[in-house]
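**Student:** Quick one, structure for this:
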Amino acid sequence: MKYRSIRFKLLFYFVAVILLPLLTLGILSPVISANTLKRETTSHMRQLIRQVTRNIEFYVKDMEGIVSMLSADPDIQSFFGLEGAVSPFAESHAAGVRRLLRTVSSVHPEIAGVLLVNEQDGSFSNEIQRVTRDPLRQEPWYLGAIQRPHAVQLHPRPIGRNLRMGYSADDVVSIVKAVVDPLTGSYRGVVLIDMKQEVVEGILADMTLGQGGFLFIEDSQGEIVYAPVNDIVYRVRTEWLGGGRRSEQPAVTEEPGISIVREIKGASYQIIAQGSPVTGWKTVGVFPLNEIMRQVSSIRYYSLIIAAVALSSALVASIFFTGSIARPVIRLRTLMKEAEEGNLAVRFEGRQEDEIGFLGKSFNTMIEKIQKLIDLVYREQQSKREAELKTLQEQIK
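**Tutor:** Numbering: from 1, shown residues only. Got it, this is the predicted structure:
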């Protein structure tokens, strides 16, 4: 660099200073963008999962409230034989129960049917009838409710029940809770409510995770409650979500949830799952990471275009700026060479008021002083020669 011109040095430094941050941003920007997009996607998925979980819990708690409301009705208390019942169950009570069940079905369109079963295996419903004489008290859903009388039991797609409905079991989620006598604390029967599956579908319908992401719900046994039409759903293993075999699911907690990355069909997927302590279900979000990489590639592509345009503009500007700085210096150097060769008529002409302009003015002042000194020496030499000549003439005379 010592032997290079000032123009080359300035241009080199300009390009180095411009190129260094562009290269740094070009390398770090995709990495930062990928991490930022992944973090935002994960946060968005968690928010959607929490929203879905809360919405489902709202409906389940609403169904639980309906069970409590039904249990508080005098006619239904008579049907279950609760201690606080006014009189034994009679036909007048049956009319009141039918009327109340019709009211519940009309007020809550999400309910497909309601069934009451007491401990004497008596049943009552407007939409559901038993198929055979086999006792309903031996049905798995009944036994599960009385084993945990203070908890709500959920059975998605309750196929194989000894019940006949005016709808398909594939289209409902069965919500079952035991009726407990408040005075004795013993159970007196079970209330079964079939909630329409479309409620769950409606909750997930507007939840989107980009173009390839989706949400699905599985129950405490690892069985799918609802999932969109997607072959990736059935490739998500249950053990990835914190469980072993489908019959050995651990207790569900709401926080902190599960966040993992797994390879499915040759592609990486971000999988986030969160359980609900109310329903025992897990809401699972699946998002393809290659979608993030496509966005990062798009960002990198446009970043390269912007960097190329910026670098080209910077090079043009650098050439112009270095020329504006180096041109006066080169001109001053040329004038100095001419002055060295004896041409003292040269002058630096420039309008700069900076250091270069100051050097040019100093150069002009120096040349003028040299010219004056030369003229002075010339006149002195001429006067000396004239005096010597006069002296010689006087000697001759």
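
**Student:** Show me where the stretch 101-250 of the chain dips below the pLDDT cut-off.
**Tutor:** By pLDDT under 70, the low-scoring segments of the stretch 101-250 of the chain are 210, 242-250.

**Student:** how about a cut-off of 50?
**Tutor:** The stretch 101-250 of the chain contains residues with pLDDT under 50 at 244-250.

**Student:** where do the helices sit along it?
**Tutor:** 140-147, 197-205 (DSSP state H, counting those that start in this stretch).

**Student:** mind checking how far the shortest one is from the chain centre?
**Tutor:** For helix 140-147, the separation from the chain centroid amounts to 42 Å (computed by Cα atoms, centre = their mean, to the nearest Å).

**Student:** ditto for the last one
**Tutor:** On the basis of Cα atoms, centre = their mean, helix 197-205 is displaced by 23 Å from the centre of the chain it belongs to.

**Student:** residues of it that come out buried?
**Tutor:** Within helix 197-205, the residues scored as buried using 16 or more other Cβ atoms under 10 Å are Gln197, Val199, Val200, Ile203, Leu204. The C-beta positions use only the backbone N, C-alpha and C, and glycine is treated the same way.

**Student:** Report all helices and strands that that helix contacts.
**Tutor:** helix 6-72, strand 172-180, strand 214-218, strand 224-226 (3 or more Cβ pairs under 8 Å, 6 or more residues apart in numbering; DSSP states H and E).

**Student:** ranking these by burial, who's on top?
**Tutor:** Most buried of these, by mean neighbour count (mean count of other Cβ atoms under 10 Å): strand 172-180, with a mean of 24.

**Student:** who's in contact with the closest residue to Leu101 other than its chain neighbours?
**Tutor:** Distances taken as Cβ to Cβ, 6 or more residues apart in numbering place Asn126 nearest to Leu101, at 4.8 Å, with adjacent residues excluded. For Asn126, the contacting residues are Arg98, Leu101, Arg102, Ser105, Gly113, Val114, by Cβ atoms under 8 Å, 6 or more residues apart in numbering.

**Student:** Quick check: bridge partners of the fifth one?
**Tutor:** With DSSP bridges as the criterion, the beta-bridge partners of Gly113 are Asp194.

**Student:** Dump the helices and strands packed on helix 197-205 to JSON lines, plus distance to Ala310.
**Tutor:** Putting these into JSON lines (distance: least, Cβ to Cβ, whole Å) gives the following:
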{"stretch": "helix 6-72", "distance to Ala310": "7"}
{"stretch": "strand 172-180", "distance to Ala310": "58"}
{"stretch": "strand 214-218", "distance to Ala310": "40"}
{"stretch": "strand 224-226", "distance to Ala310": "50"}
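
**Student:** Just tell me which of the ones you listed ends up closest to Val284.
**Tutor:** strand 214-218 (5.5 Å; Cβ to Cβ).

**Student:** Run me through the strand neighbours of that closest one, direction for each.
**Tutor:** strand 224-226 (antiparallel), strand 282-288 (antiparallel).

**Student:** Highest mean neighbour count out of those?
**Tutor:** Greatest average neighbour count among these goes to strand 282-288 (a mean of 25), per mean count of other Cβ under 10 Å.

**Student:** Excluding its own residues, what touches it? List them.
**Tutor:** Here strand 282-288 makes contact (Cβ under 8 Å, 6+ apart) with 41, 45-46, 48-49, 52-53, 56, 209-210, 212-218, 232-233, 236, 241, 252, 267-276.

**Student:** and what of stretch 113-123?
**Tutor:** Outside stretch 113-123, the residues that touch it by Cβ under 8 Å, 6+ apart are 70, 76, 79-81, 97, 101, 104-105, 124-130, 135-137, 142, 163, 165-167, 172, 187-194.

**Student:** try it again with 6 Å
**Tutor:** The contact list for stretch 113-123 (Cβ atoms under 6 Å, 6 or more residues apart in numbering) reads 80, 101, 124-125, 127-128, 135-137, 165, 188-194.

**Student:** Can you flag which of these belong to strands?
**Tutor:** Mapping the contacts of stretch 113-123 onto strands (DSSP state E) picks out Phe124, Arg188, Gly189, Val190, Val191, Leu192, Ile193, Asp194.

**Student:** and the nearest residue to the second one once chain neighbours are set aside, how far is that from Pro74?
**Tutor:** Setting aside the residues directly before and after it, Arg188 is nearest to Phe80 in space (Cβ to Cβ, 6+ apart), at 4.3 Å. Between Phe80 and Pro74 the distance is 11 Å, computed by Cβ to Cβ, to the nearest Å.
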